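> Any chance you can model this:
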Amino acid sequence: MMRKMSSLGCILSCISFLAVIIVCTGYVKRMVDEMPKPFSRELRLQTPPQTGKDVIILQNLLRRQSSTAFVIVTSHYDVQTAEAVKLFQRAVHLPANGVFCMQTALKVLENLLDDGFKDDGKVPAAYRFKLYVPVHKNRNIETVATLLDHNSNAIFNFTIRAHGQTNEYGVAINQLSRNGNTPTGLSTFDLNSKEPYPKLYGPYPVLRVVKGLKGNSAIGFENETLLSNFRSGILLHTGEWQGWNASKPMPNSEGCMHCSPDDMKKLVDILVKKLKVKVNENPYGRLPYPYTPQGLIAIEQID
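Model prediction:
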């Protein structure tokens, strides 16, 4: 009887072990075969043509490489796009079949994600301020942001974090994807009344990124851009973070930018009292944005 029980236990252990192998193999296969965000499907020539935000993002990225700069953003995976994908595939030593597959998507993000945006340090006459935010490729490294007044003078420096969430594999979500790192580039920026839930957003007014003008933040088609339509709701705010103090890195956001409560209070005070920036009633992401933005934000990758 003991021998039978021992054999049964051995069989059950083997079954459990095999189940773990099957589950883990499926997990690894999914991790390898999954399209990297912001892409979620293969793109290929077909009738009717595939269309959507993923096609728009791809076409914008392809325009950054000299050999494929001829691409016109149409929002359709058309003949010109397939030809550009073939040229890109040849350049990175992949089979040149014009199918935008997982391997091609990974290479596009590896080679074309950096927008090369460089800020000029100037505040145009139409705006009351600009916030300059340098960022590293490794967004775990916090940086020092600089507030410029309408005369382009630096008047306030503070620590900022522009790290979004990580995916289920522990990898940082890239800046073209929902809840990923804050996108680089130049955008309009405005002061809004405070958000609800002070634990998440802090007790002060927030600054809202409104519309991309240059760089990754301006990726789009016609009047739609990455920020205004693909990733709305990117803010600069603080929070009442449990267990946090100024000696620790700030927590990751859902794609917004974080600063300390003290710095947020000082920033808002300077904007309102010194630069005469109006606190517009918070539209909570409603599109189109109902006010004329009073400032700019320049987010520049420095490495």
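
> Run through who's touching stretch 165-180.
For stretch 165-180, contacts defined as C-beta atoms under 8 Å, 6 or more residues apart in numbering pick out 31, 36-38, 57, 109, 113, 139, 163-164, 181-184, 216, 219, 226, 231, 252-255. C-beta coordinates here come from the backbone N, C-alpha and C atoms, glycine included.

> Sort out which residues of it are buried, please.
By neighbour count on 16 or more other C-beta atoms under 10 Å, the buried set for stretch 165-180 is Asn167, Ala172, Ile173, Asn174, Gln175, Leu176, Ser177, Asn179, Gly180.

> taking the mean pLDDT, what do you get for it?
Averaged across stretch 165-180, the pLDDT comes to 92.

> gap between the two ends of it?
6 Å (C-alpha to C-alpha, to the nearest Å).

> of the buried residues of stretch 165-180, closest to Ile270?
Gln175 (27.5 Å; C-beta to C-beta).

> three-state assignment of the closest one?
Secondary structure assignment for Gln175 (DSSP: H, G, I helix; E, B strand; the rest coil): coil.

> how close does it sit to Gly233?
Counting by C-beta to C-beta, to the nearest Å, the separation of Gln175 from Gly233 is 14 Å.

> again, but for Ala96
For Ala96, the distance to Gly233 equals 39 Å [C-beta to C-beta].

> Please apply the same query to Gln242.
In terms of C-beta to C-beta, Gln242 sits 23 Å off from Gly233.

> The two: which has the busier surroundings?
A direct count of neighbours by other C-beta atoms under 10 Å for Gln242 and Gly233 places Gly233 higher, at 13 against 7.

> Same question for the more buried one, what's its three-state structure.
coil.

> what's the closest non-adjacent residue to it?
Among residues not flanking Gly233 along the chain, Gly285 sits closest, at 4.5 Å (C-beta to C-beta, 6 or more residues apart in numbering).

> now swap in His136 and tell me
Using C-beta to C-beta, 6+ apart and skipping residues adjacent in sequence, the residue nearest His136 is Asp303, 5.4 Å away.

> Check Val277 too.
In space, Val277 is closest to Leu271, 4.1 Å off (C-beta to C-beta, 6+ apart).

> burial measure for that neighbour, as a count.
Neighbour tally, Leu271, other C-beta under 10 Å: 24.

> did I read that right, it in a strand?
No. Leu271: not assigned to a strand; according to three-state DSSP it is helix.

> can I assume Gly227 is in contact with Pro183?
That one is not Gly; residue 227 is Leu. Yes. Between Leu227 and Pro183 a contact is recorded at 6.6 Å, counting by C-beta atoms under 8 Å.
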